[in-house]
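Asker: Pasted the sequence and its predicted model underneath.
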Amino acid sequence: MRIMSKKAWNLVPTLKEVYDGKQPVYLYQGPGFREELKGKYKQKVEELEEQGEKYGVKVLAVIKGTYEFPGGDKAEMIAYVYVDKQSKPWIINDTNVVGFMADVVNPTWNIEESGSVGIVEDPRTMIRRIM
């Protein structure tokens, strides 16, 4: 994995605009569907940014999806994608997938953890999590 922040931003121009303050943070719920943050999603973004203020945490997107696991189990996952003073986006293995840090909430199993996610952006599907 190579870290190339400037080139990575070029692959996700919408998130770059959020980072630059030109667009609001959106909730993405499936390919091609986004809406303004409200309720629990907006509160969680405010909480994460307040807790991470010392580190410069800035949430760029909230991505909600249902994932199916081998054996048929399903779980809702909500990724709060962010950057901070030390973590910038990176390109994953010479692909068009951009890695970001995220706080991932799984309300199905009552789990919350930090990690990384892979994001792609295209005009048809907008922002979506693929890893």
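Answerer: In hand now; what should we look at?
Asker: Quick check, central residue of this protein?
Answerer: Centroid-nearest residue in the chain: residue 81, 2.7 Å away (criterion: CA atoms, centre = their mean).
Asker: ok, that residue touching residue 119?
Answerer: Yes: with contact defined as CB atoms under 8 Å, residue 81 counts as touching residue 119 (6.6 Å). No exception for glycine: its C-beta is placed from N, CA and C like everyone else's.
Asker: What mean pLDDT does the biggest helix by length in the chain get?
Answerer: For the chain, the helix with the greatest residue count under DSSP state H is helix 39-51. Averaged across helix 39-51, pLDDT comes to 97.
Asker: what residues does the helix or strand residue 67 falls within touch?
Answerer: Assigned by DSSP states H and E, residue 67 belongs to strand 58-68. With contacts defined as CB atoms under 8 Å, 6 or more residues apart in numbering, strand 58-68 is touched by 15, 18-19, 25-30, 37, 41, 44-45, 48-49, 74-84, 100, 117, 119, 127-129.
Asker: ok, 7 Å please
Answerer: Residues outside strand 58-68 that contact it (CB atoms under 7 Å, 6 or more residues apart in numbering): 15, 18-19, 25-29, 37, 41, 45, 48-49, 74-83, 127-129.
Asker: Let me see the mean pLDDT of whichever helix or strand comes after that strand.
Answerer: Using DSSP H and E, the helix or strand that follows strand 58-68 in sequence is strand 74-83. The pLDDT scores in strand 74-83 average 94.
Asker: And the helix or strand just after strand 74-83, what does it pack against?
Answerer: Under the assignment DSSP H and E, the closest C-terminal helix or strand after strand 74-83 is strand 90-91. Judged by 3 or more CB pairs under 7 Å, 6 or more residues apart in numbering; DSSP states H and E, strand 90-91 is in contact with helix 5-11, strand 98-106.
Asker: Deepest in the core, which of those is it.
Answerer: strand 98-106 (a mean of 21; mean count of other CB atoms under 10 Å).
Asker: Would you mark the buried spots in the helix or strand that that strand is followed by?
Answerer: Proceeding N to C from strand 98-106, the next assigned helix or strand is strand 111-122, under DSSP H and E. Across strand 111-122, burial judged by 16 or more other CB atoms under 10 Å covers 116, 117, 118, 119, 120, 121.
Asker: That'll do, ta.
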